[in-house]
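# No sequence on hand, only this structure:
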């Protein structure tokens, strides 16, 4: 499975719901978790939140969401992804 070219060119890299090998149901759950975290960190009106919701069923929206995520302030993005990782995979 190859990732769409729009998803391969980002500096954030592929993780979680952006990976092509993630089960569809799990992918939706992860997009929702990222959307919830994005709403908390950036506000519910932020374009990233709506792009993540659209990404549940639209690959182009997933590429847009990853680009928007990559454009967020580094420290805030790191905090968001840290919470996402802990909620999604727990402590390892």
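That came in fine, so what should we check first? Bear in mind the structure is a predicted one, so any value in this text is a computation, not a measurement.
# What's the first helix or strand after the helix or strand harbouring residue 31?
Take DSSP states H and E as the rule and residue 31 turns out to sit in helix 24-42. Remark: after helix 24-42, the chain's next helix or strand is helix 47-55, criterion DSSP H and E.
# Buried ones in that next one, by neighbour count?
48-55 (16 or more other Cβ atoms under 10 Å). To be clear about C-beta, it is placed using only N, CA and C from the backbone, and glycine gets the same treatment.
# How about stretch 53-64?
Neighbour-count burial for stretch 53-64 [16+ other Cβ under 10 Å]: 53-56, 61-64.
# Let's verify residue 91: helix, strand, or coil?
With DSSP: H, G, I helix; E, B strand; the rest coil as the basis, residue 91 sits in coil.
# same question, residue 75
Residue 75 ends up helix, using three-state DSSP.
# For it, list the residues it contacts.
By Cβ atoms under 8 Å, 6 or more residues apart in numbering, residue 75 lies in contact with nothing.
# Relative to residue 41, how far out is it?
Distance of residue 75 to residue 41, computed by Cβ to Cβ, to the nearest Å: 10 Å.
# Contact partners for residue 55?
17, 31, 61-62, 64-65.
# could you dump those to TSV with pLDDT and secondary structure?
Shown next, in TSV, are the contacts of residue 55 (pLDDT from 0 to 100; DSSP: H, G, I helix; E, B strand; the rest coil):
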residue	pLDDT	secondary structure
17	94	helix
31	97	helix
61	96	helix
62	95	helix
64	96	helix
65	96	helix
